[in-house]
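> I would like the atomic coordinates for the input below:
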Amino acid sequence: MGRVGTRVRLVAFDLDGTLTRGDTVCEAIARRIGRLERMREIERLTPLPDPRAAREEMASWYRARPQHEILDALTDVRLAPRAEEGVRKLREAGVVVAIVSITWLFAVERFAARLGVVHCAGTKMVDDGRIEHFFAPDKPRWVSALAARLGIAPDQVAGVGDSTGVPHAGGARRHAA
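Here you go, the predicted structure:
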């Protein structure tokens, strides 16, 4: 924990299960495109023996569909109660808010835009067909780099999420959702 009276200046939220409720991003998309049962099979394997292979499979589903169909599926993902209000109040108080998730960056960016959040990270589907993977251990490194870039001390950073076993960076405090 930081010094008494240390003001939090950066809060990094996870997306699925923290800022959202119900279906995950991947489940909502899979439901829309008729792949929900397969998505649930993949999720039952958690922790995945090879998350890269699962992401490659999902990406093949997405590439076979018009982009608007994939993005429209995100409207089925519900925000947690009062998430919009909470993020707005943090921003109004001068706190930098970020969304950091292992899920698809296009989805993270969609929720970030809805919440007025500028900084976000996630797994990226690149135009040339590659996937730039983002894993749980990448989260604290990304948040630490963002804090450093913004001139925010490690003891002024808070992480909010439901992930287990994710090491936190520097003086970052880990808070459960």
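
> what about the helices in this protein?
Counting by DSSP state H, the chain has helices at residues 25-32, 36-44, 51-63, 67-73, 83-92, 105-115, 138-150.

> Nearest to R7 among these would be which one?
helix 83-92 (12.0 Å; C-beta to C-beta). Yep, even glycine has a C-beta here, placed from its N, CA and C like the rest.

> buried residues in the closest one?
By neighbour count with 16 or more other C-beta atoms under 10 Å, helix 83-92 contains the buried residues A83, G86, V87, L90, R91.

> for stretch 72-85, same thing?
For stretch 72-85, by 16+ other C-beta under 10 Å, it's A73, L74, V77, L79, A83.

> show me the contacts for the last one.
The contact partners of A83, by C-beta atoms under 8 Å, 6 or more residues apart in numbering, come to L19, T20, L115.

> top of those by neighbour count?
Within these, neighbour counts (other C-beta atoms under 10 Å) peak at L19, which reaches 26 neighbours.

> Give me the distance between that one and D162.
10 Å (C-beta to C-beta, to the nearest Å).

> who does the longest strand along the chain pair up with?
Counting residues, the longest strand found in the chain (DSSP state E) is strand 96-104. Strand 96-104 pairs in its sheet with strand 10-13 (parallel), strand 119-125 (parallel), by DSSP bridges.

> Now render those as CSV, adding mean pLDDT and mean neighbour count.
Converted to CSV, the strands paired with strand 96-104 look like this (pLDDT from 0 to 100; neighbours: other C-beta atoms under 10 Å):
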stretch, mean pLDDT, mean neighbour count
strand 10-13, 98, 25
strand 119-125, 97, 21
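
> of those, which approaches A148 most closely?
Of all those, strand 10-13 sits nearest to A148, with 10.5 Å by C-beta to C-beta.

> Could you list the residues in contact with the closest one?
With C-beta under 8 Å, 6+ apart as the test, strand 10-13 has contacts from 19, 87, 90, 95-100, 139, 143, 146-147, 150, 152, 156-161, 172.

> Return the members of those classed as buried.
For the contacts of strand 10-13, a neighbour count by 16+ other C-beta under 10 Å gives the buried set as 19, 87, 90, 95-100, 139, 143, 146-147, 152, 156-161, 172.

> got the contact list for the spatially most central residue of the chain?
For the chain, the residue nearest the mean C-alpha position is S101 (2.3 Å; C-alpha atoms, centre = their mean). Taking C-beta under 8 Å, 6+ apart, we find S101 in contact with D14, L15, D16, A107, V108, C120, A121, G122, F134.

> Perfect, I'm done here.
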